[in-house]
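Chemist: just coords:
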Ligand code: FAD
């Protein structure tokens, strides 16, 4: 209507005005044609997933250079480290999620979002096939496909049941926000059932037996949260059954929190013992039914059967079906998760990147690559390299594999450290590369796969967005060591993970933390560190305010035990 109005006014003035109007119309038409041409020239980036990896990629991506399409079955980002707190109402579910459309708004709306699940990736035709999970009752088709120039797979992983019978049917999981809400309701159900009249004491005990399978950070944190919920809130309102509650943590390994420092592991075990949480280490779950959990003790071979009110399964993650299907297509069928190189490119296909829990950087291949650099440099196969060749080799290796530098800087190999100084251009010396090769084999044995954590996923997302932001510039000006210049192999530095430490909340306002530089801290003061880190890590001021107010509400009024 605004345009219409302008047209009428111009008709009522002189013909000059009319000319001016039509000229500006033509110009703007030309301009918009140019714009749309430029728009259509933009490379299409399809991003699958709105978790840690996907959102940190989107947050830092320069959206003016790409046509970005995001696909995810949930239209929000979930702050997973606080999910255990959601299970007991310490924090509300809505406080740990941020609508993805709020994030898009911050990018001037230049990202398209589809609430759908990707069902198939066709790397040969550069297409993804998706299906929306919106209600069928709404009109229109739920299936669609999208073409891409670059595909970013950040769809995370799914719970791993290790094909244990009964787990899918009778266990609760703690992976998504809905899972945490289901657990919260189930805990209250167990208490309400236990106080109904007409139950025997044995039945009340069974209903109040909470079993957690998996002694990793998530299982341990949930056990601690549940213990606090029971002791601080529920025993006061379900007074008659307060002595019948039992929490059992089952772990297949010899210790809980075995990815943490030994001091933290034993601190957690001792604390749980004091709190009355039973920890069964060295036991493998054989099956779960609606009433019992069956397991085998590794040491004695004895098979135990325990009645339960609720079992929470938290034993690690595995690949999602769409990723498994992709792995079959590209010859990675035998692997557990997608393998990428250190630039996060999926091996075996073009222009596909994978990050976060759905992928892992293939360390074995890195080692082969390193040795290959030596072989290529050692043209006459003599087993020795000239100073010039060696300098080049070391330069390549250090640019591509920073972890080598880290290892060599440790005091194990003084000779090699000296040689690295050579490579900086000071003194030079002829070397036997066999020596260096064996040093690298040691590096290999020291290099572990990256853990499936939010920290890794978020850093990978940020790294990849920086690569994408520089892609055009780097295509025109390739950099990197001489041997790869121009070959397109070496546009960016490889991904380098920076470990910032990890927390293990243990309940009773105590937390254990492993901080960079082998620093271990445990107890009440670390809990305050945990509060401040987690408040500062929130993705928006909205969630930060919500989370902090939930903590305050809990301090003042306790947790809410309504079953809603
Ligand atoms: P996710 O965050 O899981 O995101 C995957 C995204 O992909 C989601 O948006 C999902 O909806 C979407 N998706 C799924 N399937 C499809 C499909 N077919 N098509 C399109 N999209 C799809 N890590 C830490 O570092 N510190 C912690 O304290 C910590 N605590 C945790 C506590 C709990 C309870 C849990 C479950 C995990 C915790 N983690 C923690 C691990 C951390 O959450 C994961 O490592 C991290 O979420 C991985 O990020 P991601 O982006 O790869 O996957």
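Modeler: Arrived safely, thanks for sending. Not measured: the values here are computed from a predicted model. Numbers count the residues shown, from 1 in each chain.
Chemist: just for the stretch 351-500 of the chain, where's the confidence low?
Modeler: Within the stretch 351-500 of the chain, the stretches falling below the threshold (pLDDT under 70) are 363-367, 383-388, 390-391, 394, 398-448, 474-491.
Chemist: for the residue nearest to residue 149 when sequence neighbours are not counted, what are its contacts?
Modeler: Once flanking residues are discounted, residue 149 sits nearest to residue 43: 4.1 Å by C-beta to C-beta, 6 or more residues apart in numbering. In this view, the C-beta of every residue, glycine as well, is placed from N, C-alpha and C. For residue 43, the contacting residues are 65-67, 149-150, by C-beta atoms under 8 Å, 6 or more residues apart in numbering.
Chemist: which one of the residues you listed sits closest to the ligand?
Modeler: residue 150 (15.7 Å; C-beta to the nearest ligand atom).
Chemist: so does the longest strand seen in the chain get close to the ligand?
Modeler: The longest strand of the chain (DSSP state E) is strand 111-122. Yes: using C-beta under 6 Å from any ligand atom, strand 111-122 reaches the ligand at 117-118.
Chemist: can you state the direction angle for the helix or strand hosting residue 54 and strand 111-122?
Modeler: Under the criterion of DSSP states H and E, residue 54 resides in helix 52-60. Per axes from the mean of the first three to the mean of the last three C-alpha atoms, to 10 degrees, the angle that helix 52-60 makes with strand 111-122 is 140 degrees.
Chemist: So for the residue in the stretch 1-150 of the chain that the ligand sits nearest to, what's the pLDDT?
Modeler: Nearest to the ligand in the stretch 1-150 of the chain, going by C-beta to the nearest ligand atom, is residue 51, at a distance of 1.8 Å. On pLDDT, residue 51 comes in at 97.
Chemist: Can you tell me which residue of the stretch 351-500 of the chain sits closest to the ligand?
Modeler: Counting by C-beta to the nearest ligand atom, the stretch 351-500 of the chain gets nearest the ligand through residue 356, at 2.1 Å.
Chemist: what's around the closest residue to that residue other than its chain neighbours, how many residues?
Modeler: Using C-beta to C-beta, 6+ apart and skipping residues adjacent in sequence, the residue nearest residue 356 is residue 53, 3.1 Å away. Look at residue 53: counted by other C-beta atoms under 10 Å, it has 33 neighbours.
Chemist: any idea how far residue 53 is from residue 78?
Modeler: Plainly put, residue 53 is 13 Å away from residue 78 if you go by C-beta to C-beta, to the nearest Å.
Chemist: again with residue 54
Modeler: Distance, residue 54 to residue 78, by C-beta to C-beta: 12 Å.
Chemist: Those two: who's more crowded?
Modeler: More crowded of residue 54 and residue 78, by other C-beta under 10 Å: residue 54, with 26 against 22.
Chemist: Hmm, that one is touching residue 69, no?
Modeler: No: Residue 54 is not in contact with residue 69 according to C-beta atoms under 8 Å; the separation is 12.0 Å.
Chemist: intersection of neighbour lists for these two?
Modeler: Counting by C-beta under 8 Å, 6+ apart, the contacts common to residue 54 and residue 69 are residue 47.
Chemist: Flag the shaky bits of the chain, pLDDT-wise.
Modeler: In the chain, residues with pLDDT under 70: 1-40, 109, 363-367, 383-388, 390-391, 394, 398-448, 474-491.
Chemist: Repeat the analysis, applying 80 as the threshold.
Modeler: 1-41, 108-109, 362-449, 472-494, 496, 517-518 (pLDDT under 80).
Chemist: residues from it in reach of the ligand?
Modeler: 48-54, 71-74, 80-81, 83-84, 117-118, 154-156, 174-175, 218, 320, 322, 356-358, 452-455, 457.
Chemist: In strands, which of those residues appear?
Modeler: Per DSSP E, the subset of the residues of the chain next to the ligand in strands is 48, 71-72, 117-118.
Chemist: Quick one: the strands in the stretch 151-300 of the chain, in order.
Modeler: Taking DSSP state E, counting those that start in this stretch, the strands of the stretch 151-300 of the chain run over residues 158-159, 172-173, 209-213, 246-250, 278-280, 283-288, 292-297.
Chemist: Can I get the ones you listed in TSV including mean neighbour count?
Modeler: Below are the strands of the stretch 151-300 of the chain laid out as TSV (neighbours: other C-beta atoms under 10 Å):
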stretch	mean neighbour count
strand 158-159	18
strand 172-173	20
strand 209-213	25
strand 246-250	22
strand 278-280	17
strand 283-288	19
strand 292-297	18
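Chemist: got those as a markdown table, with distance to residue 389 columns?
Modeler: Below are these laid out as a markdown table (distance: least, C-beta to C-beta, whole Å):
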| stretch | distance to residue 389 |
| --- | --- |
| strand 158-159 | 48 |
| strand 172-173 | 54 |
| strand 209-213 | 54 |
| strand 246-250 | 56 |
| strand 278-280 | 56 |
| strand 283-288 | 52 |
| strand 292-297 | 57 |
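Chemist: And the helices in the stretch 451-564 of the chain, which stretches?
Modeler: Secondary structure of the stretch 451-564 of the chain (DSSP state H, counting those that start in this stretch): helices located at 454-476, 524-536, 541-557.
Chemist: so which of those helices is the most packed in?
Modeler: Greatest average neighbour count among the helices of the stretch 451-564 of the chain goes to helix 454-476 (a mean of 18), per mean count of other C-beta atoms under 10 Å.
Chemist: Contacts for it, please.
Modeler: The contact list for helix 454-476 (C-beta under 8 Å, 6+ apart) reads 45, 51-62, 65-66, 80-81, 150, 152, 154, 156, 343-344, 353, 355-357, 450, 488, 491-492, 495, 497-500, 502.
Chemist: Same question for stretch 260-274.
Modeler: The contact list for stretch 260-274, computed with C-beta under 8 Å, 6+ apart, reads 217, 220, 223-224, 249, 255-258, 279, 502, 504, 506-508, 510, 512, 514, 518, 520, 522.
Chemist: buried subset of these?
Modeler: 217, 220, 223-224, 249, 255-257, 279, 502, 504, 506-508, 510, 512, 514, 520, 522 (16 or more other C-beta atoms under 10 Å).
Chemist: Who is residue 97 paired with across the strands?
Modeler: residue 78 (DSSP bridges).
Chemist: roughly how far apart are it and residue 497?
Modeler: 26 Å.
Chemist: Thank you kindly, that will do.
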